[in-house]
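> How does the following fold in three dimensions:
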Amino acid sequence: MIYDHVDGEQLGRQYKEHLSNFKTWEARVHAHEWLVFPENIGAHLSIDETSVSRGELYTIVTHKAAHGGKRTIVAIVEGTESEAIIAALKRIPESVRDKVKEVTLDMSDSMRRIVRSCFPKAMRVIDRFHVQKLAYDAIQEIRIAHRWNAINAETDAMEEAKKYIPEVLQNGDTKKQLLARSRYLLFKSAEKWTEKQKQRAKILFQLYPDIKKAYGLAHSLRMIFSKNSIKDAARLSLARWYNQVADAGFKSFNTIAATVYEHYEEILNFFVNRSTNASAESFNAKIKEFRANLKGVVDVDFFLFRLSKIYA
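Model (predicted):
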């Protein structure tokens, strides 16, 4: 074929130096600090952070209705420091920013500050999956504590006995193995467990009732988001969940409840349009794949140039 003997690296250099308009790109002088595309603003936006090169973070604002294609990027700004991002976004005329009706975001204070300052007329919606992740992390914290106890108990028994044989449970696991292998099932709804996971969960919950209780709290929180469609009904369900958390007495869940309370209205705003930050997470995955196809980013400005050409 005609392209069999084309040197890919040489073609890449030719594209950068001669075939593209990178050398004359007007935004090149500030691209590594900020890029804004006012023409891409729509009523519904997402804001998130993403890694561009070597773990260096950029904050990216995306237009949901573009579905990850052309005209998706509204802004991409170096770092996560709110003042720099606010300054970049305010380069977009206020009349244009006022058209935004809704912005989805995570629970960080800096993101809230950015959205509040730059899109004051927009409803802020905290991503439900960030809220649920806090509960899942709390379960894992309890599971890991039990696993370390099992590891230490097994180590002590091995030191005391000349020939140590660990206790094997009904499903063939030792306690240490049970706690290690239960990690993924605790992220899933019980109806999605396999037969082996159902058996493992039954043994786990019998031996460690606190894990069962924590799993129940996380499941209840998930059901609030899944089953409720009216904001006021969700508010009542969340209040009942607070009471369950208080009765359970888990420090980690009390911390989650306090965090949820702090972001109460923005979390409940999910039930208006059931909007999440999934589109932003999906776009971050596209950037990651694009970066991987390039085998890493050497020239950040050129990477941002290509990114803007495709998605802005």
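> May I see the domains of the protein written out as residue ranges?
8-127+276-311, 128-273 (automatic domain parsing).
> Dump the ones you listed into CSV; add mean neighbour count as well.
Quick note: C-beta positions are derived from backbone N, CA and C, even for glycine. Output for these, formatted as CSV (neighbours: other Cβ atoms under 10 Å):
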stretch, mean neighbour count
domain 8-127+276-311, 17
domain 128-273, 15
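> Can you tell me which of those has the worst average pLDDT?
When mean pLDDT is averaged over each of these, domain 8-127+276-311 scores lowest at a mean of 89.
> give me every residue that touches E154.
Contacts for E154 (Cβ atoms under 8 Å, 6 or more residues apart in numbering) come out as Y164, P166, T174, K175, K176.
> Surely it is within a helix?
Yes. Per DSSP: H, G, I helix; E, B strand; the rest coil, E154 lies within a helix segment.
> Pull up the gap between it and R147, please.
For E154, the distance to R147 equals 11 Å [Cβ to Cβ, to the nearest Å].
> what is in contact with these two at once?
Joint contacts of E154 and R147 (Cβ under 8 Å, 6+ apart) are K176.
> Can you show me the CA trace of the lengthiest strand in the chain as PDB?
In the chain, taking DSSP state E as the definition, the longest strand is strand 44-53. What follows is strand 44-53 as a C-alpha-only set of coordinates in PDB (Å, rounded to 0.1, in the frame of the first residue of the first chain):
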ATOM      1  CA  HIS A  44     -26.200  22.800  30.400                       C
ATOM      2  CA  LEU A  45     -22.500  22.500  31.200                       C
ATOM      3  CA  SER A  46     -20.100  20.300  33.200                       C
ATOM      4  CA  ILE A  47     -16.900  21.200  35.000                       C
ATOM      5  CA  ASP A  48     -14.200  18.700  36.100                       C
ATOM      6  CA  GLU A  49     -10.500  18.300  36.300                       C
ATOM      7  CA  THR A  50      -8.400  16.200  34.000                       C
ATOM      8  CA  SER A  51      -4.700  15.200  33.600                       C
ATOM      9  CA  VAL A  52      -3.000  16.500  30.400                       C
ATOM     10  CA  SER A  53       0.600  15.500  30.900                       C
END
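> Correct me if wrong: R124 contacts D106.
No. The criterion here is Cβ atoms under 8 Å, and R124 misses it with D106 at 11.0 Å.
> re earlier: hmm, who's touching the following helix or strand past the longest strand of the chain?
Sequence order places strand 56-63 as the next helix or strand after strand 44-53, per DSSP states H and E. Strand 56-63 is touched from outside by 40-42, 44-52, 68, 71-80, 85, 89, 114, 279-280, 283-284, 300, with contacts defined as Cβ under 8 Å, 6+ apart.
> same check, this time on stretch 135-150
174-176, 179-180, 182-183, 186-187, 208, 210-211, 214-215, 217-218, 221-222, 250, 252-253, 255-256.
> Next: stretch 91-102.
By Cβ under 8 Å, 6+ apart, stretch 91-102 touches 34, 36, 38, 41-45, 74-75, 89-90, 118-123, 125, 272-273, 275.
> In strands, which of those fall?
Among the contacts of stretch 91-102, the members falling in strands (DSSP E) are W34, V36, H44, L45, V74, A75, M123, V125.
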